[in-house]
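Enquirer: model the structure of this input:
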Amino acid sequence: MDAWLTEYGVTLGVGALILFMIFIVWDLAKRSNAGKFGTLILYIGLAMGIFGFLIKFVITYLLENAAGVG
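Expert: Below you'll find the model as predicted:
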């Protein structure tokens, strides 16, 4: 039970934080009058962090399933 809760709790919790960060970046861009280019740069920075979080799952999956190969 603890492992399941930890795995899915972290995944759902970080997913919720990512959604909240999208709102925060939108609000930051709006309040600072960042313009289209500034907003794009802010979202690219956020996307890089999200990509890093998602690639962790891909690498974990590949490493766990690579044991049977070879």
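
Enquirer: what distance do you get for F37 to Y43?
Expert: Note on F37: its distance to Y43, by C-beta to C-beta, to the nearest Å, is 11 Å. In this view, the C-beta of every residue, glycine as well, is placed from N, C-alpha and C.

Enquirer: go on, A34?
Expert: With distances taken as C-beta to C-beta, A34 is found 10 Å from Y43.

Enquirer: do the same with V25
Expert: 6 Å.

Enquirer: give me the distance from the lowest-mean-pLDDT helix or strand in the chain to the chain's centre.
Expert: Ranking every helix and strand in the chain by mean pLDDT, DSSP states H and E puts helix 2-31 at the bottom, with a mean of 88. Mean-position distance between helix 2-31 and its chain equals 7 Å (C-alpha atoms, centre = their mean, to the nearest Å).

Enquirer: stretch 38-55 too?
Expert: Using C-alpha atoms, centre = their mean, the offset of stretch 38-55 from its chain centre is 8 Å.

Enquirer: do the same with stretch 20-35
Expert: The gap between where stretch 20-35 is centred and where its chain is centred comes out at 17 Å by C-alpha atoms, centre = their mean.

Enquirer: for it, give me every contacting residue.
Expert: With contact meaning C-beta atoms under 8 Å, 6 or more residues apart in numbering, stretch 20-35 is reached by 38-39, 41-43, 46, 49.

Enquirer: OK, contacts around K56?
Expert: The contact partners of K56, by C-beta under 8 Å, 6+ apart, come to none.

Enquirer: pLDDT score for it?
Expert: K56 carries a pLDDT value of 87.

Enquirer: against G49, how distant is it?
Expert: Relative to G49, K56 is positioned 11 Å away (C-beta to C-beta).

Enquirer: and I18, by the same measure?
Expert: 8 Å.
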